[in-house]
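> here is a sequence together with a model predicted from it:
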Amino acid sequence: MHFHGIDNSFKGDRTPGVSQKEVEDGETYTYEFVAGHSGTYFYHCHVEPDRHPEMGLYGAFIVEPKEQKVKYDKEFVLMLGERDPLLSVAEGTEAGAYLGTATENEHLNGEYDTVDRHPKYFTINGKMDGDIPPLKVKKNGKYLIRLINAGSDVHSIHTHGHHFKVVAT
């Protein structure tokens, strides 16, 4: 695992084969660090980092302040990502598994090259298009929206009829 925004040493990053030995099947490893600063962070798999995060191996890591200074009606965490369907084909071929309808018409000639990636699908919390639930808000409400770009591409966000104030980056 690799934690973004958490102050950690090189050894504490625990990259398999680089700063730690691999954790084998049946073994465990516990990550320990001081969550010294409140904020919005994220983590992702640090094995094949050019492939695994695009496959959804990431998550939000929220450190709450000791005292909440601002009250919100609700908080939302939106993790933005993208997916190249050819990666699904490559991973499914390696695993000998059924690939699903999103990749049925895709064909892979040779190995998948992560340098030459062409994402077709853009995701919010791992979902695409009509599967993404709307953010339900009330008029004059106050909401905290945590945007995390867990992908490799730039994701421009805008909404219609709402006003934002950036409180942290």
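That came through fine.

> in the longest helix along the chain, what's buried?
Longest among the helix segments of the chain by residue count, using DSSP state H, is helix 85-95. By neighbour count, and taking 16 or more other Cβ atoms under 10 Å as the criterion, the buried residues in helix 85-95 are Pro85, Leu86, Leu87, Ser88, Val89, Ala90, Glu91, Gly92. For the C-beta atoms, the positions are set from N, CA and C on the backbone; glycine is no exception.

> try stretch 43-54
Neighbour-count burial for stretch 43-54, with 16+ other Cβ under 10 Å as criterion, is recorded at Tyr43, His44, Cys45, His46, Arg51, His52, Pro53, Glu54.

> just checking, the last one touches Ser88?
It refers to Glu54. No. Counting by Cβ atoms under 8 Å, no contact exists between Glu54 and Ser88, whose distance comes to 9.6 Å.

> mind listing the strands in this structure by residue range?
In the chain, the strands defined using DSSP state E lie at 2-4, 39-44, 58-63, 74-83, 121-124, 143-149.

> quick one: work out the angle between the longest one and strand 39-44.
Okay, so that is strand 74-83. 30 degrees (axes from the mean of the first three to the mean of the last three Cα atoms, to 10 degrees).

> show me what contacts Lys138?
By Cβ atoms under 8 Å, 6 or more residues apart in numbering, Lys138 lies in contact with Asp73.

> begin at 20, not 1, for the rest of this chat.
With the count now opening at 20, the last piece we talked about shows up as Lys157.

> that one and Lys93, how far apart?
Between Lys157 and Lys93 the distance is 9 Å, computed by Cβ to Cβ, to the nearest Å.

> repeat that for Ser171.
When Cβ to Cβ is applied, the distance between Ser171 and Lys93 equals 29 Å.

> tell me how many other residues crowd Asp100.
Careful, residue 100 is Gly and not Asp. Counted by other Cβ atoms under 10 Å, the residues lying close to Gly100 total 24.

> now it: closest residue in space that isn't a chain neighbour?
Spatial nearest neighbour of Gly100, chain neighbours left out: Gly170 (4.0 Å); criterion: Cβ to Cβ, 6 or more residues apart in numbering.

> return the alpha-carbon coordinates of stretch 53-69 using PDB.
Taking C-alpha atoms only, stretch 53-69 is exported to PDB below (Å, rounded to 0.1, in the frame of the first residue of the first chain):
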ATOM      1  CA  VAL A  53       0.800   8.900  13.200                       C
ATOM      2  CA  ALA A  54      -2.200  10.600  11.600                       C
ATOM      3  CA  GLY A  55      -0.900  14.000  12.600                       C
ATOM      4  CA  HIS A  56      -2.800  16.300  10.200                       C
ATOM      5  CA  SER A  57      -6.500  16.200   9.500                       C
ATOM      6  CA  GLY A  58      -7.500  16.100   5.900                       C
ATOM      7  CA  THR A  59      -8.400  14.100   2.800                       C
ATOM      8  CA  TYR A  60      -5.900  11.500   1.700                       C
ATOM      9  CA  PHE A  61      -5.900   8.300  -0.300                       C
ATOM     10  CA  TYR A  62      -4.000   5.100  -0.700                       C
ATOM     11  CA  HIS A  63      -3.500   2.600  -3.600                       C
ATOM     12  CA  CYS A  64      -1.900  -0.700  -4.200                       C
ATOM     13  CA  HIS A  65       1.900  -0.400  -4.700                       C
ATOM     14  CA  VAL A  66       2.300  -3.600  -6.700                       C
ATOM     15  CA  GLU A  67       2.100  -2.900 -10.400                       C
ATOM     16  CA  PRO A  68       1.100   0.700  -9.800                       C
ATOM     17  CA  ASP A  69       0.700   1.300 -13.500                       C
END
